[in-house]
Every structure is written in structure tokens, then in C-alpha cells.
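K.L.:
Requesting a structural model of the entry that follows:
(chains A and B)
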Protein chains: 2
Amino acid sequence: MHKKIVLSIIARILLVVSFMMFIPLGWAYYGAGYSVEFFAFVITISLGFLVSIIFRRILPISPDDIEHLNAKDGLAVVGLSWIVLSLFGALPFFLSGSVASFTDAIFETASGFTTTGATIITNIEGLPLGLLFWRSLTHWLGGMGIIVLYLALLPILGQGAFRLYKAEAPGPTAERVQPRVKETAKALWGVYFTLSLLETLLLKVGGLSWFDSLCHTFGTMATGGFSTRTESIGAFSPYVQWVVIVFMFLAGTNFILHYQALKGKAKAFLRSEEFRWYFLILLSLIAVTTFVLKMQVDATIPVRTAAFQVVSIMTTTGYVTADFDLWPNVLRIALVVAMFIGGCAGSTGGGIKVIRIFITIKVAIKSIVHAIFPNSVIPIKVDEDPVPPKIVLGVLSYVVIFIFLFVFGALALAAIDGCDFATASSASIASLANIGPGLGMVGATQSYAWFSLPSKWILTFLMLAGRLELYSILILFLPATWRK
Amino acid sequence: MHKKIVLSIIARILLVVSFMMFIPLGWAYYGAGYSVEFFAFVITISLGFLVSIIFRRILPISPDDIEHLNAKDGLAVVGLSWIVLSLFGALPFFLSGSVASFTDAIFETASGFTTTGATIITNIEGLPLGLLFWRSLTHWLGGMGIIVLYLALLPILGQGAFRLYKAEAPGPTAERVQPRVKETAKALWGVYFTLSLLETLLLKVGGLSWFDSLCHTFGTMATGGFSTRTESIGAFSPYVQWVVIVFMFLAGTNFILHYQALKGKAKAFLRSEEFRWYFLILLSLIAVTTFVLKMQVDATIPVRTAAFQVVSIMTTTGYVTADFDLWPNVLRIALVVAMFIGGCAGSTGGGIKVIRIFITIKVAIKSIVHAIFPNSVIPIKVDEDPVPPKIVLGVLSYVVIFIFLFVFGALALAAIDGCDFATASSASIASLANIGPGLGMVGATQSYAWFSLPSKWILTFLMLAGRLELYSILILFLPATWRK
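P.N.:
Take a look at the predicted model:
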């Protein structure tokens, strides 16, 4: 690893985030003037500026240095900067005294940046405005990617930019944008910003305050799930719930498709095989959920309730309007399965991603056909194009590592805190796939506050590994990463 | 599919099993003379003879026909003959009136042949001797494979024999025996018979009756789990429990290694990478289980209790000496994870198989290293030999299909019978991996009797798919299988 360059880039990213913190500082002032919270932000911002400026000074880098970043450096920048930002972003929570334990503050911040939305805060309405806003803003920054934002804002080009982009962008299709990383980063953030603006206005029209509109837009567009209310979106009108359903759905879609649609090529949606699968899985799940709820629970439950929860869970947002832990077992299990699937590649959603799921299904079908016709040659195709065997193997490896991490998480939580079967498994996948609420003790009406410290560190690790597509975090544990 | 040849071979296999039924007929007579049970066996045997002789007459086949069996035929023979035998073997239970529902009788028989050991019988001591013996004998016949027995006994050679062997033998290593299938089949059954004889004698020495010694030997060596007692092996002395632990361990090992050891090459065990993993996983699990039990439950619990349950579950036997559903959650979850792993290839154990698990782990590690060094070339090796990419992909496909079937099973059980999280998942994996007892409503002290009919059919399907390595059963659902 080129430690000097890696550190220097991380310092620059820290500077960007320190700047962003002026917005919650404004809300803190608006909420309570020169309060403890206000000064907590001032101290954090000053510290951010100080550290990043010192590091930029003692570690000057040229564009040529960045040009020569290798794959290892790219992953290390992403993995380490997300860890640094989770520590840095935790400071306002801790310094203001609103969150007493530093581990809890880090958990909450990592949960924010990774767009998980799992919270250790039990009295959400008791949190001051600035911190509530910062909490939601971490979602928004993490959703489209802080490194992607950095690429869009600052002049980094060539191989280095691609390495960074690839290490943070969700899904196995990063290669496609190689020659135009900067343009892609700009386009993605442009679309993200536009859709966010639109949702904010629609929520405002629905009667929410500007503050609530912004915070819930951040939570929706990033598929995060932090709310300003303990009741989550259940506190708002059916109109607001439908707006959130639509925008969660859009946030779980590949943003490249939105970009193409905004440029007039709306057919791009239909042409994308991943989008068709995503849409069909959601639609079938909503149909089944509505049917089961109406048959087994209460015939008056509206389609909206089913649609909201299915879209919220599968896009890995985690907002709730109903306590799905009280639903029939088949729906509870189906929702946990949906957690594994997640959103599309290039979306802000987590999970394994729809494209990896259907490539895996195609491989499975191929191997069954192969058992009957051993000499058959069946290429695996996506959007009519054959996928190289190397990519197919990469996808299967990803799925397998994802499942290993899930099992590790469930076992660790059961070992440390004695969690039961449903709690241990759902907390593990809800963190790894960046959802938030799960079943049992981490159900929709519960929080993550009761976990022991070691469990919270493991959950934080799972959130980061899941959001950063495993490799950026996992390689930090290999000695080879730290060698020159 | 060459329907004529396939049907004709199935008829011949039916004849072999009909002959085998003379043994429980003898026990039936010994137990209660010319009882209802006795005549149930007489009718079944007569029917078996009649049907198989008619089919042999109207569908004569030459050795040359068998020589030309293709992969599809091989899988179809295995898949269909196991289904036919599950129906045929259910007759004594049903005709004697001991099991009132025919679905239940089929469930019990399929559970026997597939060496699952899940039972719908709630009063085991109430079952007459002949049926108790037949129940255990289905384990023994299914354990090493009925088709493998057929290959060992009757003259079938060449490609056809290999196709049949490959379709039934557990694990991805069938190719190695291609030129000498008949010898392998004989060697495997020879070792199986020898070890069974040894265990029977050791159990007899331990104070069990000949009847109990035989039945529990069948249950052990086949990694089945049917007992003649409701209390399972918990009803017997520590000596008997240790004997069963050792033989479950041997039954979960590749029988080719036993064969080599019997021929004086005892080092074969150490040279086998799969055996080393199998041994190490078991040892670690026993250590952890002992530690947790002593710390969190009761310091006087002996190592034997931990060793018994770990070996019983991971080899997919399913015998019990303690109600592990009452153990701490981390152990309950760890045991479910062990269910997925299962025994070695070429053993009588079920599950994914140790060799597939460690190949999958190697692929995962390789992909992480590959993320740091994109140009690295790391061959996946087993026993120092590189594994061809095609086999690696086959192994991953197998793991993926296995997990899909597990998820399908859990969802189906929750949908049909409203099973909770732990019951639905553990019943699904306990059937698919051929274990028997799971957690919750299918825990060690429970039975499968309470499931609805559709659930029992789904569980039967999972047991067959799991025992026959998925493909033989799955291809029966494809139209292409039924074409000429």
C-alpha cells in the first residue's frame, strides 16, 4: 500500500465532510442558539479542518501519484476513510453528551453513513435538531458514496479515479464506466440531488416541515431509514407514505438508468434485465404479502401497508409503518429473504444486489441442465450479453462470502449476548445488508441500544463490510494490504 | 430418456429390495407369529416379486443396452427408483395398520432410505418388531446406496455402471473411480458390512439385545438416526454412547479411506485433506460445545454429551442423548450450521459435504486476495492437486442450489403450517441434509407427526433431493428429462 497517498486522500475526504457539517451546525443554531450541541459541532469541524490541513501539508501529493494508485490502494482508501469518517462523525453525538458511550456514537454514525438506519437512540424526539439533521445527513452522504462525491467535486482522473470508484460503487458492473469515471460520478450525484430535491418538495406539499422533509428525503434516497420520529413513517399521512414508497423504489434502482431516463431514454428501464427482475420480485412480494395479510390478519389492511414494508425492506431502507414482527411467520421469513436480495447495482440499496442474485440463479439452472446434458454449453447472459466466467465466479464468491459473514454475525451475537435464533440471524443480516430493523429483539419497535459493546463493534463491522461490498473492509485484515 | 431401460433397471432394484424384506418378515414372525404385521410383509414381498418379474419379462434388456445409458438415464434411474422404493417400502407400515395415513408411511420410509431419521411415529416402543427392524433396515440399505449395492451384486459394466454410480454416490469425486466402478461398489459395501458387523458385536457386548444392536448399528453406520426407543441413544449406557460416537464418526468419513486403511494404508486418512478438515471441525465444535455447556449450563456435564451431539448432528445421524434445543442459543445455532456442513464425500453422511465446504472457503479467500492483487493466479487445490475450474463452478452451483432448496423449504413450511423461524429453518435443513431432529417444534423430544400433509410431501421431497445430491430429483421436474 502507498501509505502516503492513501493517508493524503483520506485527509482530503475528511475536509469535504467537515465542510458538510456546517449544515447541521446551522440547524443546531436555529434549534437552540449557542447550545452545547452547537459547540460540539464547532469543535468537530475545527478538528476536521486542523487534521486534514496538517496531513495535506506534511503529505503533499501530485496528480501523478494518484494516477498510479493500485487496486489495493483503492480499496484501502475506501475502507479506511469510511472508518475514519465513522469515528469523526461520532464526535458531535459524544461531545454534546447526547450519546453517553463513544461506542454507541460510532455505531450510530456508521449506521448512518452505511445507510443501515439501525439506531441505539431510544428517545428520538429528545435529540436536538442539529444532531437529528446530522444523523440523516450521514445517510445522504453515504448513500451515493462519499468517495464518489469526492470524485465528482475534485480533479482526480485516470486509473486512480477508477480504482476509487470501483472500490466504493455498489455492484459488479463498475468496469463499464472505466473511461469516464468523473462524468459518471457527476451524473450520479446530479441525479441523486435532483431526485432528493423532488422528494423534499413533495413531502413539504404533504404537510411536513422543511426539517422533516429533508431528513426523510435523506433517509429515503439513501435507503437509510433514520427518522425524526420513534413511529418512523407510520407517524405520517397515507400521501406521505406513498411518496416514500415511490422514492424508496427509485433509490433501489440503478442510478445510471435514472440518468438515461432524464436524458430522454426512458426505455432504458425496460431494457435492463436487472430492473425487470427487481420490479417483478417486488411486485410478487407485495401481492403475496397483501394476500396473506388480508386472509390471515385483517381484511381491511390496505395494499399500502404491504407495499411500504416490502419496498422498505428489499431496498434495504428500513422505514416502518407497521410492526411486521407481528405478521404471520411466512411473511417474517420472506422479508428476511428479501433482506438478502437488496437493491440494484448502482443504486443506494444494500444486500447482495438483484443482479448477483439472478446471475446466481442462472448458474444454478445451468448446472441442473448440465447434469442432464453434460456436453451442453450454456453461456450466462445479462442483457443479452454473455458474462465472462471470471465475473461469474466473482459473483458466486461474493454471494458465498456474504453468507459466511452473515453466519459469523449470527453466531457471534448468540455467543456474546445469547440472542435467540430469529434475533441473531435478523440482526446479522439487517446490519450486513444495511437495513436496520429485523425480527425479535431488533424488531420494528425495538432498538439496538441493548447490545453489549463487543456486539456493537461486530454489528458496526458488518454494516461497513456490507455497504463497501465486503472487499474494502476485509482486505484491511490481511497483512499483505499493509506491505509496501 | 431411454424409458424401457430405465424402467427395467428399476424393476431389478425392486427385486433386490423385495428379497431384503425377508429379514423383517423373520423378525415379525419371531415377535408375534402369524400376525397382521407378518401378512403385511408377505403381501408386500409378493407384490414386489410380481411387479418386478412382469417388468423384466415385458421389458427385456441386454447388457449392451445398459452400456449405452446416458447421464440423463443414470440420474433418472436413481431418482425414480428411490421414489418407487419409498412407495413400496411404505406398504408394510400401511397394510399392517400401524401407520394410518399412507402419506405418513411414505414419509417414514423415505426418511429411512434417505438416512434422515425424522419420524412421524410418536409411540416408538408400540411398533411391532418386524416394522421396527424394517425401519432401521431402510437406513442401512439407503446409507451406502441401493444402486451401489445393485452394482456390487449384479453384472453391470462400463459406462452404464458409471452413470448409475455417479448419480447416487455422495460428493463431487465420483470421476476418480470411473474405470473400476464395480470393484469400488464391492469394496464400499464390503467395508460397510465389516464395520457394521463390528459395531453390532460391540453393542451386543454392551448389553444390548441382538435386535437393538442390529437396529442401532443400521442407524449409526448409515448416519440415519432411527432408534427402537423414544429416548434414542439416551436410553443406553455411556459405553454404548461412546461406541455410537466412534461409529458415527467412521460413518461420516469417506469409505474409500477405510478401504485403504483395511488394506494397510492407514496413512490415507492423514493424506486426505477432506478428512483433516472433517476431524478439525468436529474437534473444534466439541471443544466449544463442552466449554459453553460447562460454563453456562452445568459444570458436571461430561465431554461425552457434547461429543455425542456434535458428532451426531454433523455426520447427519440425528441420534440424541440430550435435548440440545434447551442448550444456549449459540450452540443451537452452531449445530444448525453444522447441519449444513455434513459428512465427507463418499461417506453415508448428508449435508453439503466437507469437501465442498472447504473448496468454497478456498474460493472465497482467493477472491479476497484477488481484490488486492487483480493479476494474481491462485489455483484451487485439493490434496495438492489443482481442481479444474469447471468442477469449482460445479461445487459452488451445488452449494447455491442447496441453499435455495433450504430457503424454499423454510418458506413453504411457514406458509403451510405457520411454523416459526427456528422450526421452519431447522425442519427444512434437518430434512434436506438428512439429519432428523431440529429445533423448536421438530426438536429432539418432538416428532414430525404434526405437520400437515402438504408439508410432509415437501419434507419428503427435501429428504430425497438432499440424499441424492439434488440433481437426480430436480431433473425429474424438467420436461427435457422425459423426452426421447
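K.L.:
Only C-alpha atoms from now on, for both contacts and neighbour counts.
P.N.:
Will do.
K.L.:
Just give the nearest non-adjacent residue to residue A:346, would you?
P.N.:
With sequence-adjacent residues excluded and distances taken as C-alpha to C-alpha, 6 or more residues apart in numbering or on different chains, residue A:346 is closest to residue A:254, at 4.5 Å.
K.L.:
which residues sit in contact with that neighbour?
P.N.:
Contact analysis of residue A:254 by C-alpha atoms under 8 Å, 6 or more residues apart in numbering or on different chains lists A:275, A:344-347.
K.L.:
With secondary structure and pLDDT as new columns, can those be given to me in TSV?
P.N.:
Formatted as TSV, these follow (DSSP: H, G, I helix; E, B strand; the rest coil; pLDDT from 0 to 100):
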residue	secondary structure	pLDDT
A:275	helix	96
A:344	coil	94
A:345	coil	91
A:346	coil	88
A:347	coil	93
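K.L.:
Turn those into a markdown table, including neighbour count and distance to residue B:389.
P.N.:
A markdown table is the format used below for those (neighbours: other C-alpha atoms under 10 Å in any protein chain shown; distance: C-alpha to C-alpha, whole Å):
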| residue | neighbour count | distance to residue B:389 |
| --- | --- | --- |
| A:275 | 22 | 30 |
| A:344 | 27 | 28 |
| A:345 | 27 | 26 |
| A:346 | 23 | 29 |
| A:347 | 28 | 32 |
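K.L.:
for these, which one is nearest chain B?
P.N.:
Closest approach between the contacts of residue A:254 and chain B, by C-alpha to the nearest C-alpha: residue A:345, at 18.3 Å.
K.L.:
I'd say the closest one and residue A:144 touch.
P.N.:
No - contact criterion C-alpha atoms under 8 Å: residue A:345 and residue A:144 do not qualify, at 11.7 Å.
K.L.:
element containing the residue of the stretch 1-150 of chain A found nearest chain B, please.
P.N.:
Nearest residue of the stretch 1-150 of chain A to chain B: residue A:72, at 4.5 Å (C-alpha to the nearest C-alpha). According to DSSP states H and E, residue A:72 maps onto helix A:71-95.
K.L.:
Tell me the helices and strands packed up against that helix.
P.N.:
If you count contacts as 3 or more C-alpha pairs under 8 Å, 6 or more residues apart in numbering or on different chains; DSSP states H and E, helix A:71-95 packs onto helix A:3-20, helix A:36-58, helix A:102-113, helix A:158-168, helix A:471-474, helix B:354-372.
K.L.:
how far does the third one sit from the chain's center?
P.N.:
Helix A:102-113 has its C-alpha centroid displaced from the chain centroid by 14 Å (C-alpha atoms, centre = their mean, to the nearest Å).
K.L.:
tilt between it and helix A:71-95?
P.N.:
Interaxial angle of helix A:102-113 relative to helix A:71-95 (axes from the mean of the first three to the mean of the last three C-alpha atoms, to 10 degrees): 120 degrees.
K.L.:
With only the CA atoms kept, save helix A:102-113 in CSV.
P.N.:
Provided in CSV are the C-alpha atoms of helix A:102-113 (Å, rounded to 0.1, in the frame of the first residue of the first chain):
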residue,chain,number,x,y,z
PHE,A,102,-18.4,6.6,22.4
THR,A,103,-19.0,3.1,21.0
ASP,A,104,-22.7,4.0,20.7
ALA,A,105,-21.9,7.2,19.0
ILE,A,106,-19.7,5.4,16.5
PHE,A,107,-22.4,2.7,16.0
GLU,A,108,-25.0,5.4,15.2
THR,A,109,-22.6,7.2,12.8
ALA,A,110,-21.5,4.1,11.0
SER,A,111,-25.2,3.1,10.8
GLY,A,112,-25.8,6.5,9.2
PHE,A,113,-23.0,6.5,6.7
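K.L.:
Looking at the helix or strand following it now, give me its mean pLDDT.
P.N.:
Next helix or strand after helix A:102-113 toward the C-terminus (DSSP H and E): helix A:129-144. Average pLDDT, helix A:129-144: 95.
K.L.:
Tell me what angle helix A:129-144 forms with helix A:158-168.
P.N.:
Using the same axes, to 10 degrees, the inter-axis angle of helix A:129-144 relative to helix A:158-168 is 110 degrees.
K.L.:
what about the next helix-or-strand element following helix A:129-144, distance to the chain center?
P.N.:
Next in sequence after helix A:129-144, counting helices and strands by DSSP H and E, comes helix A:146-153. Chain-centre distance of helix A:146-153: 16 Å, with C-alpha atoms, centre = their mean.
K.L.:
Please identify the buried residues of helix A:146-153?
P.N.:
For helix A:146-153, burial by neighbour count (16 or more other C-alpha atoms under 10 Å in any protein chain shown) applies to A:146-152.
K.L.:
and those residues as TSV, adding distance to chain B?
P.N.:
Output for the buried residues of helix A:146-153, formatted as TSV (distance: C-alpha to the nearest C-alpha, whole Å):
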residue	distance to chain B
A:146	21
A:147	18
A:148	19
A:149	23
A:150	22
A:151	21
A:152	24
